[in-house]
Every structure is written in C-alpha cells, then in structure tokens.
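A.B. asks: Next come a sequence and a model predicted from it.
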Amino acid sequence: MKIDIEELKYRQSLPLKDKVDMSAEKIEQWYDHWNGQVYVSFSGGKDSTVLRHLVNSIFTEIPSVFVDTGLEYPEIRSFVKSCENVIIIKPKYTFKEIIEKYGYPVISKNQSAYIDEYRNTKSEKLKNIRWNGSEKGYYKISEKWKYLVDAPFKISDKCCDYLKKNPLYKYDNETGRKPYIGIIATESLSRTKKYLSHGCNIYENNHPQSIPLAFWTEDDIFEYIRKYDVPIVKDLYSNPKNRSGCMFCLFGVHLEDEPNRFQRMKKTHPKQYEYCMNQLGLSEVLDYLKIKKE
C-alpha cells in the first residue's frame, strides 16, 4: 500500500499513544497473515528494543533473532544475551573477510555500490551511468567522491548484505518465519522511500517484512522508552552523538562533528579501536578520506 508524503508527515505528527495503537494494529495484521510464524529482528539498539517490547506486549511467545556479526559494541552483545527468548545466529563470513574480498563500506551504501560497480563492471553503459548519471542525472558517483575511484583499497556496499541480511534470509527460509524490523523513515531517504512505496507491512516482496515503527521519530522512541521504562544500553545513548550500530562501519562518518565515532572509540573502547585501525586497515582508509581518527 503506497503512502503519500503528506500522510507520512501527518502520521509523524501524531501523539505517541496514537502511534502505538497504529503500530499495534500493523503488528497484529502481520501476525495473523503469517499464522504467528513471525519474529523480531533484534539488533540490541534502541529502535529494535522498542519494537521488541511492543511486539512482546501483544504476543508474548514471539522470538527475537540477533545476528552476532562481531561488529557490535560489547555492551550491546551483553545486553542481548541478558534478554529472554533471543535466538543468536552468526554470519558465514567475518567483517575482515568481507572487506578483504569486496572492500570497505565508505560514505554511503549507494556511493560505495556505485564506486564498486564503476571499478568492476564490464558494461560501458553502466560505467557511463555511474560516472555521468542517468538521463536525469541520477545514480552516479557524487562529484565530491569521484577521487575514491583511484583509492588504493577496495570499496563496496556488500558487508551489510553478507553480515546481516543474508543470515536473516537464511533463518527466514529455514523456519518459515517472517520478520518485524525496527526501522524508522526519518533515518534515511531510502527508508522514507521504502515506507512511501509499501507502508508498514510489505507482503509482495522477495523478502516480506513488517516495519511497524516506520512513521515514528527518534523522539517517539525515547518517549516510549521513558514511558514504559524499557531497558536499553544507556551508556551508548548518554551522548546524542553516539550510535549503537556496527562499530567499524564508515558510512556517514564524514558527516559527523568532532569527536566522531572513531575519536570517541579511542577513548571508550581502546582495544576495539586498535584492532580496527591496525588489523582491519581503517587507519589508511580514514587518512585517505581526510577524516580525523584521534
């Protein structure tokens, strides 16, 4: 079901109580459609934790599934392991193996994909689109980042697919369960487009999924946490700049004010900082991007 932008703005303006009711309705519809064969995709971050709490307030037996990629903050892994009814799965490959074979995730998912395709495609047509854009100027490497085509390291967008999506798709196929995923439209343009195209429950898709919090805002997430006293890893959210995603991901770091995620990591998680800089090679990548790392 398509949603227009005005409807999204209206839903985002609703009070939390109304949003909870709307999300609960979508959660129940998803459950009924799949005869209860559903699960919560649980990262341990605030959004998926709120989703898990809301889903379990309606259906107590629904399991949560956590992909242990090796990239999570240690606080997140400890928190997840303390939660009940959580199934932990692992990806086939490590982050180190992915970046060695395919490349580093830099700038954004789209830009990494465009750079990777430009470097490796045998299609002159695709290469031209990635450099100059489509007829309307879309789908190209940004002028600002064209210099990365000559970077002395591989670049790709494949880590999320191999480390997160594929293990969950495998779980879906093996169990027949379909996921609830805790993403919100305000997090990115691609997530906004996804919600506008499909709404909360995406049935007609190669990988059906429910995103019942999509029209919430980050303020709603924190209000829900306060109102229902939902346990989260508070240390990671004590600073508004902090993020609980993959520790070594480079997506968006160029947009952060200092101290950026890696400068903070050096102080808060020195062991992981040394590993990613020296063993994973992020030091060289950040230097090439002219991003401060300490």
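C.D. replies: Happy to help now that I have it.
A.B. asks: burial of residue 181, as a residue count?
C.D. replies: The number of residues packed near residue 181 is 19, by other Cβ atoms under 10 Å. For every residue, glycine as well, the C-beta is placed using N, CA and C.
A.B. asks: Now do the nearest residue to it once chain neighbours are set aside, the pLDDT please.
C.D. replies: In this structure, residue 181 finds its nearest non-sequential neighbour in residue 41, 4.7 Å apart by Cβ to Cβ, 6 or more residues apart in numbering. Note for residue 41: predicted pLDDT of 98.
A.B. asks: From residue 147, how far off is residue 263?
C.D. replies: Residue 263 sits 23 Å away from residue 147, going by Cβ to Cβ, to the nearest Å.
A.B. asks: out of those two, which sits in the more crowded spot?
C.D. replies: residue 263 (17 against 11).
A.B. asks: Tell me the helices and strands packed up against the helix or strand harbouring the more buried one.
C.D. replies: Element membership for residue 263, per DSSP states H and E: helix 261-268. Identification of packing neighbours for helix 261-268 by 3 or more Cβ pairs under 8 Å, 6 or more residues apart in numbering; DSSP states H and E yields helix 270-274.
A.B. asks: pLDDT of the helix it packs on, averaged?
C.D. replies: 97.
A.B. asks: downstream neighbour of that helix in the secondary structure list?
C.D. replies: helix 282-288.
A.B. asks: May I have that next one as PDB, with CA atoms only?
C.D. replies: Provided in PDB are the C-alpha atoms of helix 282-288 (Å, rounded to 0.1, in the frame of the first residue of the first chain):
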ATOM      1  CA  LEU A 282      40.700   1.600   8.800                       C
ATOM      2  CA  SER A 283      43.500   3.900   9.600                       C
ATOM      3  CA  GLU A 284      44.600   4.100   6.000                       C
ATOM      4  CA  VAL A 285      41.000   4.500   4.800                       C
ATOM      5  CA  LEU A 286      40.300   7.400   7.200                       C
ATOM      6  CA  ASP A 287      43.500   9.100   6.200                       C
ATOM      7  CA  TYR A 288      42.600   8.800   2.500                       C
END
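A.B. asks: For that helix, buried residues please.
C.D. replies: 282, 283, 285, 286, 288 (16 or more other Cβ atoms under 10 Å).
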